[in-house]
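Engineer: Show me how the following folds:
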Amino acid sequence: MEITYTRVSDYLLPDIRLSEPPPELAKPIGRYGQLRQKYLRGHRAITYSSLLLSERLYPHLREVDETANERRQRGVPEEIILSVLVYE
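Structural biologist: A predicted model of the protein is given here:
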């Protein structure tokens, strides 16, 4: 794999591009996925960056959102869902 660079002032920055997401990932992320994304971005920046650059962030957020919604439908209190799935 060849890495190309773009000169910005005195710096060479790598040209990093994410691949196009599959159509099933194009649907919006729900409430719990968005909360998880906000938490990762604000409190776990390295994990957030790692997931983003490896293109595993959105599947992870979708999984968290789906699991949280399933548990909510089964009657699990929201405080438990937030503490276990979103802010762990």
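
Engineer: which stretches of this structure have low pLDDT?
Structural biologist: 1, 18, 21-26 (pLDDT under 70).

Engineer: which residues of it fall in helices?
Structural biologist: Using DSSP state H, the helices of the chain run over 31-43, 45-53, 57-73, 78-81.

Engineer: now for the shortest one, which elements pack on it?
Structural biologist: Under the contact definition 3 or more CB pairs under 8 Å, 6 or more residues apart in numbering; DSSP states H and E, helix 78-81 sits against helix 57-73. C-beta here means a position set from N, CA and C on the backbone, and glycine is covered the same way.

Engineer: residue closest to the middle of this structure?
Structural biologist: Centroid-nearest residue in the chain: Leu57, 3.2 Å away (criterion: CA atoms, centre = their mean).

Engineer: nearest residue to that residue other than its sequence neighbours?
Structural biologist: The shortest distance from Leu57 to any non-neighbouring residue, by CB to CB, 6 or more residues apart in numbering, is to Leu51 (4.0 Å).

Engineer: where's Ile3 relative to Glu20, distance?
Structural biologist: Ile3 is 20 Å from Glu20, where distance means CB to CB, to the nearest Å.

Engineer: Repeat that for His60.
Structural biologist: His60 sits 18 Å away from Glu20, going by CB to CB.

Engineer: One more: Arg41?
Structural biologist: Arg41 sits 22 Å away from Glu20, going by CB to CB.
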